[in-house]
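Q: here is the input, now give the coordinates:
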Amino acid sequence: MSRIHEALKKAEQERAAVVTAEAEVPLQKDSASVTPQREQVAPSLPLEARPIPAVLPASASNDFLRFDDLRARCAHPEWHLDPNVNVFANPGVSAGGAEQFRTLRSRLYQMRSSQPLRTLLVTSSIPTEGKTFVTNNLAQAIIRQPDRRALIIDADLRRSRLHVPLGAPSSPGLTDYLRGAADMVSIIQQGQEGNLCFIPGGNEVTNPSELLANGRLKILLDRLLPIFDWIILDSPPCLLVADASVLADHCDGVLLVTRAGVTPAETAKRAAQELRGRNIVGVVLNAMQEPHGYQSAYYYYGYGDSKEAGS
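A: Now for the predicted structure:
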């Protein structure tokens with residue numbers, strides 16, 4: 001009987017050892033598998049360096065970045081709007097100009113009802129035609145509608161001037177982001193009441209064309225587009241450098257600015273031909289003399305597709 005008792009006791013000890021060994025195996029596997037995963041996600045990457053999907057699902061866009069979060073984290077310098085070039089800053093003097101920009105805004109919304117139109121490039125054929133003036137005041141008109149959000153980007157990296165009418169800092173800005181010296185949030189400013197945000201041109205660089213084509217601009221626009229109603233880019237004149245054509249590839253539409261009494265008709269036609277294949281949504285005739293004697297710089301000429309504009 002003692003031998004039987006010893007055999008049973010030994011068998012019970014062996015079963016207990018097997019159960020203990022089996023229970024420990026999953027724990028060893030779990031600890032081995034969890035550790036590499038933690039090591040992979042531990043580094044905190046800058047926002048613009050994190051990989052993003054090629055196409056952001058509409059359902060996930062609001063979770064990707066929220067406007068209130070961006071507004072809380074971006075820079076808030078004190079802007080000093082120049083009333084001489086901001087038609088909404090001095091309504092008593094520039095009431096007619098403000099109304100023209102409201103008309104332009106309305107026509108763009110009409111076009112948007114029949115085609116995708118969220119990113120807009122504002123360009124001209126030659127310098128001093130008023131594209132920066134139009135970019136700024138069109139955005140000011142948009143944000144005066146309830147709950148409308150606009151972002152203006154100074155993409156004229158050769159002669160950044162969009163910060164001047166806003167009275168805003170010129171850097172850090174787009175060049176700093178494109179060359180990896182600043183993250184996305186640090187280059188965005190909000191310096192007035194309302195839902196207008198601004199990305200200045202940034203510090204001067206010697207290779208603007210290469211920076212615009214390095215792929216980071218597309219990442220920037222893809223990340224910001226879900227939270228803004230409009231993103232408007234101010235570009236260099238399209239007949240002088242290739243930058244406007246590069247920028248147009250990232251935009252839904254192009255607005256061409258001409259200046260009354262300054263832009264030759266042949267030059268405007270060449271500009272339209274240069275942008276052939278892009279969606280030219282309209283032409284702004286700037287500095288037009290109105291019949292009652294004062295100069296209006298805000299008259300919208302018309303719109304059509306690129307084929308009509310180039311013919």
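Q: relative to residue 132, how far out is residue 155?
A: As for residue 155, its distance to residue 132 is 11 Å (criterion: Cβ to Cβ, to the nearest Å). Every residue, glycine included, has its C-beta placed from N, CA and C.
Q: the more surrounded of those two?
A: residue 155 (31 against 25; other Cβ atoms under 10 Å).
Q: residue 241 is in contact with that one, correct?
A: No. Using Cβ atoms under 8 Å, residue 155 is not in contact with residue 241; the gap is 11.7 Å.
Q: between residue 155 and residue 132, what contacts are shared?
A: Counting by Cβ atoms under 8 Å, 6 or more residues apart in numbering, the contacts common to residue 155 and residue 132 are residue 234.
Q: and the strands in the chain?
A: 119-124, 150-154, 196-199, 230-234, 253-259, 280-286, 288-289, 295-296, 299-302 (DSSP state E).
Q: give me the mean pLDDT for the third one.
A: The one in question is strand 196-199. Computed over strand 196-199, the mean pLDDT rounds to 98.
Q: can you give the distance from it to the centre of its chain?
A: 9 Å (Cα atoms, centre = their mean, to the nearest Å).
Q: quick one, what contacts residue 199?
A: 151, 152, 153, 154, 173, 174, 177, 187, 188, 189.
Q: out of everything not next to it in sequence, what's closest to it?
A: Counting by Cβ to Cβ, 6 or more residues apart in numbering, residue 199 lies nearest to residue 153, which is 4.5 Å off, once chain neighbours are set aside.
Q: ok, now which ones touch that neighbour?
A: 174, 198, 199, 231, 232, 233, 234.
Q: most neighbours among those, which one?
A: residue 174 (29 neighbours).
Q: ok, now how distant is that residue from residue 122?
A: From residue 174 across to residue 122, the span is 15 Å (Cβ to Cβ).
Q: deepest-packed of the strands of the chain, please.
A: A comparison of the strands of the chain by mean neighbour count, using mean count of other Cβ atoms under 10 Å, puts strand 119-124 on top with a mean of 28.
Q: so for it, mean pLDDT?
A: 98.
Q: pLDDT weak spots in the stretch 101-250 of the chain?
A: For the stretch 101-250 of the chain, no stretch is flagged by pLDDT under 70.
Q: chain center to stretch 162-169, what's the gap?
A: Centre to centre, stretch against its chain (Cα atoms, centre = their mean), the figure for stretch 162-169 is 18 Å.
Q: quote the end-to-end distance of that stretch.
A: Length of stretch 162-169, first residue to last, Cα to Cα, to the nearest Å: 10 Å.
Q: list of residues touching it?
A: So stretch 162-169 is contacted by 75, 77, 79-82, 85-86, 132-133, 135-136, 152, 154, 156, 170, 189, 191-192, 198, 200-201, 234 (Cβ under 8 Å, 6+ apart).
Q: enumerate the positions of it that are buried.
A: By neighbour count on 16 or more other Cβ atoms under 10 Å, the buried set for stretch 162-169 is 162, 163, 165, 166, 168, 169.
Q: ok, for the first one, nearest residue in space, not its chain neighbours?
A: Nearest residue to residue 162 in three dimensions, chain neighbours excluded: residue 154, at 3.8 Å (Cβ to Cβ, 6+ apart).
Q: for the one you found, list each beta-bridge partner.
A: residue 234 (DSSP bridges).
Q: ok, it - contacts?
A: Residue 154 sits next to 160, 161, 162, 163, 173, 174, 198, 199, 200, 201, 234 when contact means Cβ under 8 Å, 6+ apart.
Q: what distance do you get for it to residue 131?
A: Taking Cβ to Cβ, one finds residue 154 at 11 Å from residue 131.
Q: give me the common contacts of those two.
A: residue 234.
Q: quick revisit: among the contacts of residue 153, which two are most distant?
A: 174 and 232 (13.4 Å; Cβ to Cβ).
Q: from memory residue 79 sits against residue 191, does it?
A: Yes. Contact criterion Cβ under 8 Å: residue 79 and residue 191 qualify, at 3.3 Å.
Q: that concludes my questions; thank you for your assistance.
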